[in-house]
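Participant: Turn this into a model:
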Amino acid sequence: MPSVKTKLENALEALKKEKKKINPSAVEKRAGVANGSLKNHPVLREIVLAEKARQQQPNHDAVPVAKGKRKTVAKERFDALEVRSCKLKAENSQYQAEIKAMADSIAQLTWELHRYKTATRKGSSNVQSIKR
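Facilitator: Residues are numbered from 1 along each chain as shown. Below is the predicted model:
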């Protein structure tokens, strides 16, 4: 059975090969050991932290973006989206009004049903038998 140190070393190498994010937690998780196990191996911990720092260095090959320059949306596109937004808001308020009307209608029908059941209850003085 491999030792914890061997597991940690193998996990670090695997993460490097896969070009995944390297940090103490990721190495411990990949190795399948308990959190904080890397603290017991200071040399290996320093290697992991050095790899983490190397990964976090900015890429100097990338083209720098000028400050203050933001992506802008064409005015026509913005106006079209604004019109669509207003239309959807109006449609939404119309649907909400319809839902309120339907809820009121359901409440009224429920009340009518309750009154009908109460009026036609067997043994009630309101119920008259039909003669044939």
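Participant: Neighbours of Asn23, how many?
Facilitator: Residues contacting Asn23 under the criterion other CB atoms under 10 Å number 16. All C-beta atoms are positioned from the backbone trio N, CA, C, and that covers glycine.
Participant: And for it, nearest residue in space, chain neighbours not counted?
Facilitator: Lys52 (5.0 Å; CB to CB, 6 or more residues apart in numbering).
Participant: what's the helix or strand hosting the one you found packed up against?
Facilitator: Lys52 is part of helix 42-56 when elements are defined by DSSP states H and E. If contacts are counted by 3 or more CB pairs under 8 Å, 6 or more residues apart in numbering; DSSP states H and E, helix 42-56 sits against helix 4-18, helix 24-31.
Participant: tell me the most buried of those?
Facilitator: Mean neighbours per residue, mean count of other CB atoms under 10 Å, is largest over those for helix 24-31, with a mean of 19.
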